[in-house]
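Novice: here is my input; please provide its structure:
(chains A, B, C, D, E and F)
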There are 6 protein chains.
Amino acid sequence: MLLHLSTWPEVETYLSHSTGIILPIGSTEQHGPTGLIGTDAICAEAIARGTGEATHAIVSPTLNVGMALHHMAFPGTISFRPSTLINVITDYITSLARHGFNKFFFINGHGGNIATLKAAFAETYAHLGDLQLPNANLVQCQVGNWFMCRSVYKLAKELYGDQEGSHATPSEVAVTQYLYPEAIKQATLSEEVAKGYPIYGAADFRRHYPDGRMGSNPALATPEHGKQLYELAVKDLSQSYLEFVNPT
Amino acid sequence: MLLHLSTWPEVETYLSHSTGIILPIGSTEQHGPTGLIGTDAICAEAIARGTGEATHAIVSPTLNVGMALHHMAFPGTISFRPSTLINVITDYITSLARHGFNKFFFINGHGGNIATLKAAFAETYAHLGDLQLPNANLVQCQVGNWFMCRSVYKLAKELYGDQEGSHATPSEVAVTQYLYPEAIKQATLSEEVAKGYPIYGAADFRRHYPDGRMGSNPALATPEHGKQLYELAVKDLSQSYLEFVNPT
Amino acid sequence: MLLHLSTWPEVETYLSHSTGIILPIGSTEQHGPTGLIGTDAICAEAIARGTGEATHAIVSPTLNVGMALHHMAFPGTISFRPSTLINVITDYITSLARHGFNKFFFINGHGGNIATLKAAFAETYAHLGDLQLPNANLVQCQVGNWFMCRSVYKLAKELYGDQEGSHATPSEVAVTQYLYPEAIKQATLSEEVAKGYPIYGAADFRRHYPDGRMGSNPALATPEHGKQLYELAVKDLSQSYLEFVNPT
Amino acid sequence: MLLHLSTWPEVETYLSHSTGIILPIGSTEQHGPTGLIGTDAICAEAIARGTGEATHAIVSPTLNVGMALHHMAFPGTISFRPSTLINVITDYITSLARHGFNKFFFINGHGGNIATLKAAFAETYAHLGDLQLPNANLVQCQVGNWFMCRSVYKLAKELYGDQEGSHATPSEVAVTQYLYPEAIKQATLSEEVAKGYPIYGAADFRRHYPDGRMGSNPALATPEHGKQLYELAVKDLSQSYLEFVNPT
Amino acid sequence: MLLHLSTWPEVETYLSHSTGIILPIGSTEQHGPTGLIGTDAICAEAIARGTGEATHAIVSPTLNVGMALHHMAFPGTISFRPSTLINVITDYITSLARHGFNKFFFINGHGGNIATLKAAFAETYAHLGDLQLPNANLVQCQVGNWFMCRSVYKLAKELYGDQEGSHATPSEVAVTQYLYPEAIKQATLSEEVAKGYPIYGAADFRRHYPDGRMGSNPALATPEHGKQLYELAVKDLSQSYLEFVNPT
Amino acid sequence: MLLHLSTWPEVETYLSHSTGIILPIGSTEQHGPTGLIGTDAICAEAIARGTGEATHAIVSPTLNVGMALHHMAFPGTISFRPSTLINVITDYITSLARHGFNKFFFINGHGGNIATLKAAFAETYAHLGDLQLPNANLVQCQVGNWFMCRSVYKLAKELYGDQEGSHATPSEVAVTQYLYPEAIKQATLSEEVAKGYPIYGAADFRRHYPDGRMGSNPALATPEHGKQLYELAVKDLSQSYLEFVNPT
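Specialist: Take a look at the predicted model:
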């Protein structure tokens, strides 16, 4: 069930039997010479919707922009400052908590979002307490990073080994190829690719990763891989979601 | 050209011949008993993409949430506080202006966004000046409200007369029916519907507009109307965009 | 009744029979070669006081500074950033709402304030709800723009036609001439004057409107016109105020 | 010279020979059973204008609202939070510093503003440095509290002795009586009046100072005293201003 | 009793018989050629702990950084912007007030903190009211500046006369010598030292006080003086603290 | 070398040969029935100073308070909101970066700080770029969590196995026992202790972890263990620091 394709009475009905919601969050940032700028949002959105279908959970509209300041030296990147993203998340959760949602399961497509999301959750729990919402003490947030699902990680290692890398990875590119076959890009990739350098500011990032990839070889990606990875992610995250909303 | 389906080298190429960008902004808010919660984002996104195609302009990912605090008494609504939305807009524009974009054309689906957008533009112009970006004085923002296009307005009046109303209108519902025929909703609508009462806070809004409609009869909507309205909006806004980026 | 010339027991008495208040808001910004920098505050203050007298409403001290970032390339302009003005308005309304005021009628002298005021009202309604003020759901805000009153607009058109323009207009200059005859300024005005160009940032504004006027000929203003315009504005806004505090 | 009664070319001319400006700041707060709510703004404005005349300095519009949170338990008080006031002051000074003003002399009518003003000055110096304004390192701010001028203090002690108190004082009431003889208020004042209790929050303040006075007997005030006090304040502050803008 | 060396059950016990707490606040800023950068924090911490012992009060961890923007032109200075410090203080007090602390006695080592602390207290009282904490109206904050204690001031004058100065003073240096004899520094001090110039921004400060001293001769300091000054400060502030928590 | 025991000329000299600095950050929060509230700050401070000595690096004053909102249901906890902590970190780094420091190595004693620290680093890199500091692109920040050092982790597992737990652990308690043997606390600990439950808000935390421990048995701690753990941490972090400031 997609929130944006529902009416308010349908949401009211949904809330009578569940207080859980899935929120896809991605990023709008460079993904190397062949990866789509929307990669992280595209993956998060599709996997969130798949997870929503599998679990009969409602899925919010996608947060298309996240915390990608370190990618800002490449054209096309849009980033929130962490302080903005904290307010964005606070407003999302507060809005939905007022309606009675308690369990917020973010399906995340971008590693760079994790720290700020966790900071935002802490800020929000306190904020809800300050507002004295009746359900303030029931609200719980969790991040499900599809690319860190055990089964996804395992398959990516099998398929790509060390060439998976850590940004503009063949696995995320594969998922976008499966979802948008019409947008598969070709470019000559240098054989050597930098890796292992820690992430600081944007200029520093580009100096060390001149084409945007971090140790990855996205040329290995195929739409078929993407389908497999997508399905594994949906399966794993569906289980995580159900355990989250119905803890044993 | 969709930013999220492009690579950073493709954006770099785009910037060598154009500095314009179209940004769809909607809202996630109740739209009466039969209107979709995502109505404003759905319409803005589709019309923005149509406009982008018609004008060869790049289109950013959709801002799915806007300023809808007055709809917060209905379940499903998600709203930014105006102060958050100002920061969101500032971060979007600043990110893109750093890459060389100068002409920001927001295609907007929600009347409640207009005031905050204008405030955000003023805040952003000053912010870009503070940052001393080389193109600070070239950045210009404009809002194109698809529902206020002359031709759209005219057709809506012809089709619905007074029953167009001002929220959960048949015209916006029609556009969503055209775009998502699988999500056409049915519900009994009271014949009488409140109208003309000004908008204050959320509780006050619901007190006066108990089912969320403002003077509208969305039962009049059809997918065919939606197609017509969509096409008129794209045509009008394409002309507006071109005049904006290439002023005479 | 002027708030600043009252004592707190007098305000307490006032609140026992009315919860309405009039708040003049202007701007401190260039008004062309002959217009006073305080034009918008001067007009708003005088018309607000006239309206207060006519309706027995209390009038707050004048907000002398508003949102005038686009006039910042002319010496003498003082502007709030929109985010500051939102906090200013929130603090004003919250202070007064704590005392029991519910109906806030801003008499505004500056078009550039309107968007930010509306954003601020939304922010404030939500803030009052967050604070759980007993009257949070009763608070209502409205903007009365004196220069947009029907009768004022009509007379301005009659007197000045196209030479009314949209900034440093003869009608606002006339009102200041009526109120401060000792401060009538003379300067040679170029016959040609730019108009119709949209408003973006400060440098862009001055590039297009080099002497600060927007399509106006303030040399047409007379104190007598000012008196007429003032009286029409007071009459119109008095009616608006009464309808606002005592809706039928 | 009053900024609000000047044109931008006149300000430009002023700046060619002086970079100093006088800014009156008051408060809108209870002043006991007979003192005007606008007392602090009224006194600051009049004394600032007198000082401006005596020194040929330009005088900005009055900041009518200040930091009066501790008076919020009395109806009519309007207060900024300190964080808002810091932004307000930052915006005022930054706006004017961009035009070339360097010497900001605040004539202050309210003891409760002093701490926040000083904090705001520090915040602003740093902000101007961050903006890299050419005159950032030349900007200097000073507060002149008229009620703390040596000659004013001396006369107040002579006239009222211990009954001067520290809020709703006969000296400030006298100045308002001199300026607004039509607004002289009468009320029975309890003979005993609390004093010496430190200032904490608003409820605590009213608990200890139930009618709003702090150790004062405003019934001693006369318009004649007000005239004397006004003239002493203008004389002292004129000297302070001149020393500030032309240090030896 | 030191908060950081206590357990939460011990704090719970403490709160059953006292709601007072002592909070040392210093600064990390240049103190001339021989003064330690931590001077203000070191003095505040030691004197606060002495005061805590003498009065059986609990002492919070030290706020090592304060408002020292005007010292930023000297290497080693760390400063909060006033707006940050206000939030820091608000978070400290709000956290502790939630546990039941009502009486906050800040022992302060830096004159530059005073204004911002006072602003922060006002902001916090209002914030606690907004949160509707049960003890919101009981919370009271006070600043005890050890260097302004009557007995300290008197001894400093006796020992150093005019050479006490107002920054990097022999009295504060003496206290650090007493506490950290292993960190007594030697340097040639110019005989002449600037004084009397008001404090504005950082560059201006260094221009007028090139070695960081303000009219002081820290070479006069001895550890023995430091011991005396320390003991006087502890004695005076212990009395102030007891009067604060147990007002007569 | 300790910043707070240095003079500004000594810092200037240090900067001529190194741009690295170590910043200890802890937390002020409950650590179970026997753990000190200052545990995280105490450990971070001591280990940072040991590391500074071993590497000849300068060590800043300790950040005694961190992000501990989830511990707020236990008396004695003081926490920053994440948004405050971001500003605190930004101000620390910006201050020091202005003096020429580029390499910021935070030695952290609290897991709850990590996410906010990482968010703060991203915010700060962007902020330094906005300020156009000459060294903006050279600034790098890293977090060294002493409790996650490989050798520390290994020894803790050997000594305590599963009873190490994840909060109020015997290893951190042991370090404080080594450093403050006079503050070793005794209390009866329930044999059973909750574990494995994720962290959400403060009330939820206390509901699941009623005495504050998370799966730990701090009764196993001894000062001798503490000494070993301390030394391992210093050794590991010294190596990390040197690799950070002198990357190969």
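
Novice: so which residues of chain A form helices?
Specialist: For chain A, the helices defined by DSSP state H cover A:8-15, A:39-55, A:82-99, A:114-131, A:150-160, A:170-179, A:202-208, A:223-245.

Novice: and those as JSON lines, adding mean neighbour count, mean pLDDT and distance to chain E?
Specialist: From N, CA and C alone the C-beta is placed, and that goes for glycine too. Listed next are these as JSON lines, based on neighbours: other C-beta atoms under 10 Å in any protein chain shown; pLDDT from 0 to 100; distance: least, C-beta to the nearest C-beta, whole Å:
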{"stretch": "helix A:8-15", "mean neighbour count": "20", "mean pLDDT": "98", "distance to chain E": "27"}
{"stretch": "helix A:39-55", "mean neighbour count": "25", "mean pLDDT": "98", "distance to chain E": "32"}
{"stretch": "helix A:82-99", "mean neighbour count": "24", "mean pLDDT": "98", "distance to chain E": "12"}
{"stretch": "helix A:114-131", "mean neighbour count": "24", "mean pLDDT": "98", "distance to chain E": "6"}
{"stretch": "helix A:150-160", "mean neighbour count": "16", "mean pLDDT": "98", "distance to chain E": "37"}
{"stretch": "helix A:170-179", "mean neighbour count": "26", "mean pLDDT": "98", "distance to chain E": "38"}
{"stretch": "helix A:202-208", "mean neighbour count": "18", "mean pLDDT": "97", "distance to chain E": "23"}
{"stretch": "helix A:223-245", "mean neighbour count": "19", "mean pLDDT": "98", "distance to chain E": "28"}
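
Novice: how about those helices, which one is nearest residue C:179?
Specialist: helix A:82-99 (42.9 Å; C-beta to C-beta).

Novice: which residues touch residue A:240?
Specialist: Counting by C-beta atoms under 8 Å, 6 or more residues apart in numbering or on different chains, residue A:240 touches A:105, A:142, A:144.

Novice: and which of those residues is nearest to chain F?
Specialist: The closest of the contacts of residue A:240 to chain F turns out to be residue A:142 (C-beta to the nearest C-beta; 7.3 Å).

Novice: shouldn't that closest one be in contact with residue A:244?
Specialist: Yes - using C-beta atoms under 8 Å, residue A:142 makes contact with residue A:244 at a distance of 5.3 Å.

Novice: can you list residues touching both of these two?
Specialist: Contacts common to residue A:142 and residue A:244, judged by C-beta under 8 Å, 6+ apart, are A:103, A:105.

Novice: if we can go back for a sec, of the contacts of residue A:240, just say which sits nearest to chain D.
Specialist: residue A:142 (33.1 Å).

Novice: pLDDT score assigned to that closest one?
Specialist: As predicted, residue A:142 sits at a pLDDT of 98.

Novice: cool, and the one 5 residues further on?
Specialist: Each residue has a pLDDT score; the one for residue A:147 is 98.

Novice: cool, and residue A:248?
Specialist: pLDDT, residue A:248: 80.

Novice: and for residue A:187?
Specialist: At residue A:187, the model reports a pLDDT of 96.

Novice: try residue A:221
Specialist: Confidence at residue A:221, expressed as pLDDT, is 98.

Novice: that one against residue A:164, yeah?
Specialist: No - counting by C-beta under 8 Å, residue A:164 is not a contact partner of residue A:221; they are 10.3 Å apart.

Novice: settle it for me: which of those two has more neighbours?
Specialist: Using other C-beta atoms under 10 Å in any protein chain shown as the criterion, residue A:221 and residue A:164 rank with residue A:221 on top: 27 against 21.

Novice: contact partners for the more buried one?
Specialist: A:170-171, A:173-174, A:177.

Novice: nearest to residue A:33, of those?
Specialist: residue A:173 (10.8 Å).

Novice: just to check, that closest one is in contact with residue A:34?
Specialist: Yes - taking contacts as C-beta under 8 Å, residue A:173 lies within contact range of residue A:34: 6.8 Å.
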